[in-house]
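>>> for reference, the sequence and a predicted model appear below.
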Amino acid sequence: MSDTGLVPVAEKVGALAAEHAQEADRTRKLAPEVVEAVREAGFARHFVAKSHGGNEGGFAELTQAVMAVGEGCASTAWCASLTALSARYATHLPQLGHDELWGAGEDTFVVTAQPPLGKATTAPGGHRLSGRWAYVSGVDFADWALVCGMVATGGEPEARFFALPRKDFTVVEGWDNAGMRATSSHNVIVDDVFVPEHLSFLRADFISGRNATSDLPAHNVPFQAVGGLTFVGPAVGAAYGALTAATNAMSGKKVNTTQGVDLCRASAQIDSARFLVEQNAQVLDERTFTPRLMARCERNAAFTADSLVDAVGTLVRAAGTSGFSENSPLQRFWRDIVSASSHVALRYETAVARTWPAALIGE
């Protein structure tokens, strides 16, 4: 994949986000300058087609960039990851939808609500949609939202995604998690809104990766292969931030053997987690979508999340009481990683139910 230059810019975004991370954690909001830095860096345009001013970037580069931001602030990295991948999902829209989303600029912030919690009816030229979706990350500064709903068809209902401009949905604050506080993962409410046909597509296409509108490789990827990567990348970056914070907390103190072992073990776990995440990104860029490798992607994501929770717990123990100071970034990284790792896409139950052991035995 071509290098779009996102990673070095992302490192600067991470440094800026780190300066504002404590305040963001306190207020539960990313600073406006941090949001703007994410936009200017190119996360929102990373997967957008060049015909609409985008970068047509790859998954490995995005993953490296997200991890770089996560070292400074997990919430910022989470939102950067989500807006990049949400724009990729939006490429399933018909061409008129592309024109509407990115006609005025390639840096449109898109957010996604995947569960089919809405209800829609057919109407001339489109659908009428109502519903309520929770945990829509980044919605405070979203330009568009992709939400999923069930459409009554006269037979089996079909699940569809609907793209809504900011004026067509209401945001109700409801995110009170102890970690990832500044992700703005609030509720979206839609009340009988008309959505034209060109702003809708089948959820089945989203799941399978079949894209009738775009033949770009990154726009044709099964959700099973990419889902966990969206959420685990920020956690890996945050783990490196936690490692730095732990070593800083122990600087100038006498480190005993147990603490040294803890640091060594945790650093190995974090490096191993990074390797597995990069392995997942490689599958996506090389397009090796065999059942075995897609099962491995889900396994890697779940194992990485587990490992990072263990590693950051070890770092907290090694740093001692000072690591729990409200002014210490270590306790924030600890809360963020535990919170991020609770996401359904990062749980073994999700991977096992969908792929194991049939994918290994059947190939």
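It's in.
>>> so where do the helices sit in the stretch 101-250 of the chain?
Under the criterion DSSP state H, counting those that start in this stretch, helices of the stretch 101-250 of the chain are mapped to 203-208, 223-250.
>>> could you list every helix and strand in contact with the next helix or strand after the last one?
So that's helix 223-250. Downstream of helix 223-250, the next assigned helix or strand under DSSP states H and E is helix 257-286. Applying 3 or more CB pairs under 8 Å, 6 or more residues apart in numbering; DSSP states H and E, one finds that helix 257-286 contacts helix 59-70, helix 223-250, helix 291-319. C-betas here are computed from N, CA, C, even on glycine.
>>> and residue 144, bridged to which residues?
On the basis of DSSP bridges, residue 144 is bridged to residue 110, residue 165.
>>> that one touches residue 108, doesn't it?
Yes: at 6.1 Å, residue 144 counts as touching residue 108 under the criterion of CB atoms under 8 Å.
>>> joint contacts of the two?
residue 101 (CB atoms under 8 Å, 6 or more residues apart in numbering).
>>> do you know how far the closest residue to residue 325 other than its chain neighbours is from residue 251?
With sequence-adjacent residues excluded and distances taken as CB to CB, 6 or more residues apart in numbering, residue 325 is closest to residue 331, at 7.1 Å. According to CB to CB, to the nearest Å, residue 331 and residue 251 sit 17 Å apart.
>>> of these two, which one has the most company?
Set residue 331 next to residue 251 and count neighbours by other CB atoms under 10 Å: residue 331 wins out with 20 against 8.
>>> name the helix or strand for the more buried one, please.
In this assignment (DSSP H and E), residue 331 forms part of helix 329-340.
>>> hey, which of the helices and strands packed on helix 257-286 is tucked in deepest?
Most buried of those, by mean neighbour count (mean count of other CB atoms under 10 Å): helix 59-70, with a mean of 27.
>>> could you list the buried residues of stretch 316-336?
316, 318-319, 323, 328-336 (16 or more other CB atoms under 10 Å).
>>> which one of those residues is nearest residue 230?
Closest approach to residue 230 among these (CB to CB): residue 336, at 15.6 Å.
>>> contacting residues for the closest one?
74-75, 179-180, 235, 238.
>>> where's it relative to residue 120, distance?
35 Å.
>>> got it, and residue 227?
Taken as CB to CB, the span from residue 227 to residue 120 is 24 Å.
>>> can you check residue 347 too?
Residue 347 is 29 Å from residue 120, where distance means CB to CB.
>>> and residue 320, by the same measure?
For residue 320, the distance to residue 120 equals 54 Å [CB to CB].
>>> same thing with residue 113?
On the measure of CB to CB, residue 113 and residue 120 end up 14 Å apart.
>>> what's the answer for residue 298, then?
Taking CB to CB as the measure, residue 298 falls 30 Å from residue 120.
>>> grab the nearest non-local neighbour of residue 75.
Closest to residue 75 by CB to CB, 6+ apart is residue 182, at 3.7 Å.
>>> my read is that the one you found contacts residue 24, right?
Yes: judged on CB under 8 Å, residue 182 makes contact with residue 24 at a distance of 3.8 Å.
>>> find residues that contact each of these two.
Joint contacts of residue 182 and residue 24 (CB under 8 Å, 6+ apart) are 30, 73, 75-76.
>>> closest to residue 46 among those?
residue 76 (15.3 Å).
>>> just give the closest residue to that closest one, not the sequence neighbours.
Nearest non-adjacent residue to residue 76 (CB to CB, 6+ apart): residue 17, at 4.0 Å.
>>> for that neighbour, grab phi and psi.
Backbone dihedrals for residue 17, given as degrees, to the nearest 10, come out at phi -60, psi -40.
>>> could you do the one 4 residues further on as well?
Reported as degrees, to the nearest 10, the phi and psi values for residue 21 are phi -60, psi -40.
>>> and it, how close does it get to residue 94?
Counting by CB to CB, the separation of residue 21 from residue 94 is 40 Å.
>>> again, but for residue 306
Residue 306 sits 40 Å away from residue 94, going by CB to CB.
>>> do the same with residue 154
According to CB to CB, residue 154 and residue 94 sit 23 Å apart.
>>> go on, residue 231?
28 Å.
>>> before we move on, what about residue 185?
Distance check for residue 185 against residue 94: by CB to CB, it reads 29 Å.
>>> more crowded one of these two?
Using other CB under 10 Å as the criterion, residue 185 and residue 94 rank with residue 185 on top: 26 against 16.
>>> contacts for stretch 148-165 next, please.
The contact list for stretch 148-165 (CB under 8 Å, 6+ apart) reads 89-90, 92-93, 97, 100-101, 110, 113-122, 127, 129, 131, 133, 143-147, 190, 193, 195, 199-204, 206.
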